[in-house]
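Undergrad: Predicted model, plus sequence, below.
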Amino acid sequence: MLVRYLAYALVAIWFIHTLWPEPAHAQDASAPISQCQAIAEAMPKATFASFAAPEVAAVAAAADGDVTITYLGHSTFLIETPGGISIATDYNGWFRPATPPTVVTMNKAHSSHYTLTPDPAIRYVLHGWGEDDEPADYDLVVGDTYIRNVTTDIRSGFEGMEPDGNSIFIFEVAGLCIGHLGHLHHELDDSHYRQIGRLDVLMVPVDGGLTMGAESMSRVTSRLRAALILPMHRRGPPIGDFLAMFGHDYDKSFATGPSISVSLRTLPSKPLIHVLQGV
């Protein structure tokens, strides 16, 4: 355990002091380097959870701050960062926060995951699909948040699978690695997992078949090894069908509200599937 924390601390300190760019509204000159990928590559078999150990107190302090995540509906979460950046995932214009978010991400498997007429007050609109046969590719720093994506294929009517039609968006903020699977239609391969790297918080669809069946989605969830798992996109089957895929190695809880605040210090020490109100 101590070795794991020390290795994490060394990689994180190296990242913080040498790689992470100065905060800016947007950065396009050179792609930043992902701390989530760097730490995952340094410690490929580790399961990252709470960081209460004194050996990493300095690292936690350097990345201190709470991130608030609120479930708005369907696959839309509002992520609010310590630096005042707000991000709405799979934004369709139906589930809106009180004020326009700074950034919205979208996917196109169904119209409930995107809109072509977003509020013009939204500064960054990130489509999870590419243009001109090129996959979407984001390496963007907005305030205190680094945003990147890993593309996956989607089902496309009678044409089979459409390459790179969906994006798993990853938000790196306050030392946390937060991933949103979007409308994932197939299990991931090793190349996907390498690109994603470590995740602390995972937003996962639990519809039981519109994306993938519960067994397939549970395998992806288990492989990603996030400390905090937030179900979304529940259509049809009860949430219990998804929870039943996970044994005693996971805690399960039902929130009394739609929001949760999380930081490196407060990540659960045992993987937790936390069902926010409204799912």
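TA: Perfect, I can see it now.

Undergrad: now the stretch 151-279 of the chain, which segments are flagged as low pLDDT?
TA: In the predicted model of the stretch 151-279 of the chain, residues 155-159, 164, 185, 208-213, 233, 236-237 satisfy pLDDT under 70.

Undergrad: what are the ranges of the strands in it?
TA: 161-173, 176-180, 201-205, 228-232, 251-254, 259-262, 272-275 (DSSP state E, counting those that start in this stretch).

Undergrad: Same check on the stretch 1-150 of the chain?
TA: Under DSSP E, counting those that start in this stretch, the stretch 1-150 of the chain gives strands at 67-73, 76-80, 86-88, 103-106, 124-127, 139-142, 145-155.

Undergrad: out of those strands, which comes closest to D241?
TA: strand 67-73 (18.9 Å; CB to CB). Yep, even glycine has a C-beta here, placed from its N, CA and C like the rest.

Undergrad: hmm, back to that, tell me which of the strands of the stretch 151-279 of the chain is the most buried.
TA: Ranked by mean neighbour count, the strands of the stretch 151-279 of the chain are led by strand 176-180 with a mean of 26 (mean count of other CB atoms under 10 Å).

Undergrad: neighbouring strands for it, and are they parallel or not?
TA: Strand 176-180 has the following strand partners under DSSP bridges: strand 161-173 (antiparallel), strand 201-205 (parallel).

Undergrad: T145 is nearest to which of those strands?
TA: The closest of the strands paired with strand 176-180 to T145 is strand 161-173. By CB to CB, the value is 4.3 Å.

Undergrad: still on that earlier bit, save the strands of the stretch 1-150 of the chain as TSV, and put in distance to I196 and mean neighbour count too.
TA: Shown next, in TSV, are those (distance: least, CB to CB, whole Å; neighbours: other CB atoms under 10 Å):
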stretch	distance to I196	mean neighbour count
strand 67-73	18	21
strand 76-80	17	24
strand 86-88	18	25
strand 103-106	15	26
strand 124-127	17	17
strand 139-142	14	20
strand 145-155	5	22
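
Undergrad: By mean pLDDT, show me the worst of those.
TA: For those, mean pLDDT drops lowest on strand 145-155, to a mean of 87.

Undergrad: just the angle between it and strand 176-180, please?
TA: Angle, strand 145-155 to strand 176-180, by axes from the mean of the first three to the mean of the last three CA atoms, to 10 degrees: 30 degrees.

Undergrad: Show me what strand 145-155 is packed up against.
TA: Under the contact definition 3 or more CB pairs under 8 Å, 6 or more residues apart in numbering; DSSP states H and E, strand 145-155 sits against strand 103-106, strand 139-142, strand 161-173, helix 190-196.
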